[in-house]
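*Asks:* My questions concern the predicted model and sequence given below.
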Protein chains: 2
Amino acid sequence: MFARSSRTVFSTVLALALTACAAPTTPTQQATATATVPGASASVQPISQLASWNAGSNRDRIVDFVRRVTTPGSPDFVAPVDRLAVFDNDGTLWAEKPQYPSVFFYFDRIRELAPANPTWRDDKVLRAIIDRDDAALANISIPDILRIATLAETGVSQEEFRAYATRWLATAKHPVLGRPYTQLVYQPMLELLDYLRANGFKTYISTGAFEELTRVLAPVYGIAPEQVIASRWKMRFETTSEGTRVVRLPEVDFYNNTANKPVSIEQFLGRRPILTVGNSDGDLGMMAYTADRKGPSLAILIDHDDAAREYQYTAGAERVVTQATQRGWVTVSMRRDWRTVYPPAR
Amino acid sequence: MFARSSRTVFSTVLALALTACAAPTTPTQQATATATVPGASASVQPISQLASWNAGSNRDRIVDFVRRVTTPGSPDFVAPVDRLAVFDNDGTLWAEKPQYPSVFFYFDRIRELAPANPTWRDDKVLRAIIDRDDAALANISIPDILRIATLAETGVSQEEFRAYATRWLATAKHPVLGRPYTQLVYQPMLELLDYLRANGFKTYISTGAFEELTRVLAPVYGIAPEQVIASRWKMRFETTSEGTRVVRLPEVDFYNNTANKPVSIEQFLGRRPILTVGNSDGDLGMMAYTADRKGPSLAILIDHDDAAREYQYTAGAERVVTQATQRGWVTVSMRRDWRTVYPPAR
């Protein structure tokens, strides 16, 4: 463990970008990774794979799109190599309310590190985290979340931090929903990911959260760690007497949200996806970038309209809801389109 | 096409990093991409796949390593998801002498853009490029190459630039070696890439060159564009009346060489590769990072010792040659280990 610089000044741009959407976020479980196979399957897999999706026009549009891009000779046929599907994570693949899981992750990490950092008790926010003062934390500000994230996530090597994230995801439970974080993933989305891969798609996550926790979570979705695009810290390569390591520095290198999501798609994938799924204004850029592709494309918006089984909210999604309506994107209703929300409890 | 800012100041760090290794570099051809399949093949493929490799201890060590990591029950068994192999490009997968192909690519691009930029003739270096004054260009400086690269590569959208790179690679010939650039790839390395993929490896390129030309070239190696890690420009997402686009800005965002190669491995892959291949001091960082992995790993150095069929040089590889010897890495002799260098002319 290295000296940790306690207060990092984040750029105004970053703070503004964060304020524009909602709050940070993230991730979960170490399982056996299923590497995705961008194979050349020509025949569309049966709809039975989408068992948790109710029949209806939204499911039909998804299946019809997959049929068109995978049918050789179809004017909309897309070669397997270009069947890239990009999914937002928080609120799209797993629950993001009442707070992003990554924020709870930061809190737990702060509590783990607190004994070695006694001066943290002098800080009001840190003290509230250490003392589990939920009332004081209910309205934690974005700058405070970023400050906490820096303390929680940086100053250690990639491998040290990955080990912590792996351990956390394997053992932590969501303080409000009471489930392990790995069971806060949406069952219908697990099926959609499988369905796409069975049809030769390569599936990616693009998240505003920082990268390691999302990468540790990714195998739950059948996604390999290298198919996660995320926010990231600056890093430094070091050679020591014990070997080499890459250390996480307390400065944001890239904040993967809003207008940066299309940029990181170009950095990582080098072309437009043909399918993208999101749920908030932070995803609007990559959804528009996908929808503007020359050739077939499908943009899907997840609408949190299920107060009974999950949450009902549109805050932070106002612009993307309008765009989805105007441009005829698929707007999935959690309440009407999903037979179940979460996987069966394990 | 957008306004191009003609002179960009590169950071001292970047210039120093470049000076420390050699010169910039890059890429080649649009073919049908073969997406790599990180499958779970359990049995090792026959050595006959390595037809252009002479029998000997180097080939034996490669085959033995692949056998160990793919044999279930072997103490060195590595799950397919972690079978990541990372290859440098220039001088490792294709020829980098007498000049990096990407420099010739910049020159051609400058000549294409020159008619629309008449003031370029007032600049000594640009005039030499436009007039094909090879003598004047023989010792072009690193800062000048970077300046030229900025003019050649930025100020346009990703898609406009990709279209140019695709066209160039399909038509250009190397001015000295006389072959299309796509035939300057090393036949034994094509076989090694295939051999690894047949054994469940996922193959990546990590190059100091900028990303797009390498991505257009990647299918020649059977590598999908998203499996290329490279230097990159800053980019900006824009929404216009004609839709969305990502524009290449005249400022280097990341220079993927030396100590940055392990950093981008963490950014893109999120863990150490188990196999890496390089040929210069610019690759030493990622080779050490791979060799220091807990568990089996193999670092391979390509030694350019073949004056008759390719080139003979160690300049820019002094440190990695020493390390390879001290640490017992595989040092491949192009002269002794390779039956042929280039693929049959097409």
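*Replies:* Yep, it's here.

*Asks:* Relative to chain B, how far out is A:Gly316?
*Replies:* 19 Å (C-beta to the nearest C-beta, to the nearest Å). Every residue, glycine included, has its C-beta placed from N, CA and C.

*Asks:* Around that residue, count how many other residues there are.
*Replies:* Number of residues near A:Gly316 (other C-beta atoms under 10 Å in any protein chain shown) recorded here: 17.

*Asks:* tell me the pLDDT at it?
*Replies:* Here the pLDDT value assigned to A:Gly316 is 97.

*Asks:* Would you mind confirming that A:Arg162 is in contact with A:Glu212?
*Replies:* Yes: taking contacts as C-beta atoms under 8 Å, A:Arg162 lies within contact range of A:Glu212: 5.4 Å.

*Asks:* more crowded one of those two?
*Replies:* A:Glu212 (27 against 21).

*Asks:* Check whether the helix or strand hosting that one comes into contact with chain B.
*Replies:* If you go by DSSP states H and E, A:Glu212 is part of helix A:211-217. Yes: for helix A:211-217, a contact with chain B is found by C-beta under 8 Å from any C-beta of the partner chain, at A:211-212, A:215.

*Asks:* From those, pick the one nearest chain B.
*Replies:* A:Arg215 (4.6 Å; C-beta to the nearest C-beta).

*Asks:* where's the helix holding A:Glu212 relative to the chain centroid, distance-wise?
*Replies:* In terms of C-alpha atoms, centre = their mean, to the nearest Å, the gap separating the centre of helix A:211-217 from the centre of its chain is 9 Å.

*Asks:* and it, what does it pack onto?
*Replies:* Helix A:211-217 makes packing contacts with helix A:158-171, strand A:228-240 when contacts are defined by 3 or more C-beta pairs under 8 Å, 6 or more residues apart in numbering or on different chains; DSSP states H and E.

*Asks:* so what does the last one touch, helix or strand wise?
*Replies:* Helices and strands touching strand A:228-240, as assessed by 3+ C-beta pairs under 8 Å, 6+ apart, comprise strand A:202-210, helix A:211-217, strand A:243-254, helix A:260-268, helix B:260-268, helix B:284-291.

*Asks:* For the most centrally placed residue in chain A, which non-adjacent residue is spatially closest?
*Replies:* The residue lying closest to the centre of chain A (C-alpha atoms, centre = their mean) is A:Asn89, at 2.4 Å. Nearest residue to A:Asn89, sequence neighbours excluded (C-beta to C-beta, 6 or more residues apart in numbering or on different chains): A:Thr207, at 4.0 Å.

*Asks:* For burial, what's the neighbour tally of the one you found?
*Replies:* 31.

*Asks:* Could I get the full set of strands for the stretch 1-150 of chain A?
*Replies:* Shown for the stretch 1-150 of chain A, the strands assigned by DSSP state E, counting those that start in this stretch span residues A:84-87.

*Asks:* the helices in it, which residues?
*Replies:* Applying DSSP state H, counting those that start in this stretch to the stretch 1-150 of chain A gives helices spanning A:12-21, A:57-70, A:101-113, A:124-130, A:134-137, A:142-153.

*Asks:* Now do the same contact list for the residue in chain A sticking out farthest from the centre.
*Replies:* Distance from the C-alpha centroid of chain A, by C-alpha atoms, centre = their mean, peaks at A:Ser241 (36.6 Å). Residues near A:Ser241 by C-beta atoms under 8 Å, 6 or more residues apart in numbering or on different chains: none.

*Asks:* per-residue pLDDT, it?
*Replies:* 93.

*Asks:* Could you do A:Gly91 as well?
*Replies:* 98.

*Asks:* now it, nearest residue through space, not along the chain?
*Replies:* Nearest non-adjacent residue to A:Gly91 (C-beta to C-beta, 6+ apart): A:Asn279, at 4.1 Å.

*Asks:* How many residues are close by the one you found?
*Replies:* Counted with other C-beta under 10 Å, A:Asn279 comes out at 27.

*Asks:* and what of the one 5 residues further on?
*Replies:* For A:Leu284, the number of neighbouring residues by other C-beta under 10 Å comes to 25.

*Asks:* For it, which residues are in contact?
*Replies:* A:258, A:278, A:319-320, A:323.

*Asks:* looking at those, which has the most residues close by?
*Replies:* Ranking the contacts of A:Leu284 using other C-beta under 10 Å puts A:Gly278 first, with 29 neighbours.

*Asks:* Just confirm that residue contacts A:Asn89, I think it does.
*Replies:* No: between A:Gly278 and A:Asn89 there is no contact under C-beta under 8 Å: 9.8 Å.

*Asks:* what residues are shared contacts of A:Arg162 and A:Glu212?
*Replies:* Common neighbours of A:Arg162 and A:Glu212 (C-beta under 8 Å, 6+ apart) are B:Gly270.

*Asks:* among the helices and strands of chain A, which has the poorest mean pLDDT?
*Replies:* Every helix and strand in chain A was compared by mean pLDDT, DSSP states H and E; the lowest is helix A:12-21, with a mean of 31.

*Asks:* quick one: what helix or strand has A:Val320 in it?
*Replies:* Here A:Val320 is assigned to helix A:318-327, by DSSP H and E.

*Asks:* Taking helix A:284-291 as reference, get the angle to that helix.
*Replies:* 20 degrees (axes from the mean of the first three to the mean of the last three C-alpha atoms, to 10 degrees).

*Asks:* roughly how far is helix A:318-327 from the heart of the chain?
*Replies:* With C-alpha atoms, centre = their mean, you get 21 Å for helix A:318-327.

*Asks:* That helix close to chain B?
*Replies:* No: Helix A:318-327 does not reach chain B (C-beta under 8 Å from any C-beta); its nearest approach is 10.8 Å.

*Asks:* Any buried residues in whichever helix or strand comes after that helix, and which?
*Replies:* Sequence-wise, the next helix or strand downstream of helix A:318-327 (DSSP H and E) is strand A:330-333. For strand A:330-333, the neighbour count (16 or more other C-beta atoms under 10 Å in any protein chain shown) marks A:330-332 as buried.

*Asks:* And A:Asp281, how far from chain B?
*Replies:* Separation of A:Asp281 from chain B (C-beta to the nearest C-beta): 14 Å.

*Asks:* And A:Ile300, by the same measure?
*Replies:* Counting by C-beta to the nearest C-beta, the gap from A:Ile300 to chain B is 17 Å.

*Asks:* Equivalent analysis for A:Val185, please.
*Replies:* Counting by C-beta to the nearest C-beta, the gap from A:Val185 to chain B is 19 Å.

*Asks:* what's near enough to touch that residue?
*Replies:* A:28, A:93-94, A:220-221, A:342-343.

*Asks:* what's the burial count for the nearest residue to it once chain neighbours are set aside?
*Replies:* Of all residues not flanking A:Val185 in the chain, A:Trp94 sits nearest, at 4.5 Å (C-beta to C-beta, 6+ apart). Counted with other C-beta under 10 Å, the neighbours of A:Trp94 add up to 24.

*Asks:* correct me, but A:Trp94 touches A:Leu184?
*Replies:* Yes: if you go by C-beta under 8 Å, A:Trp94 and A:Leu184 touch, sitting 4.8 Å apart.

*Asks:* Return the member of the buried residues of strand A:330-333 nearest to B:Ala149.
*Replies:* A:Val330 (41.6 Å; C-beta to C-beta).
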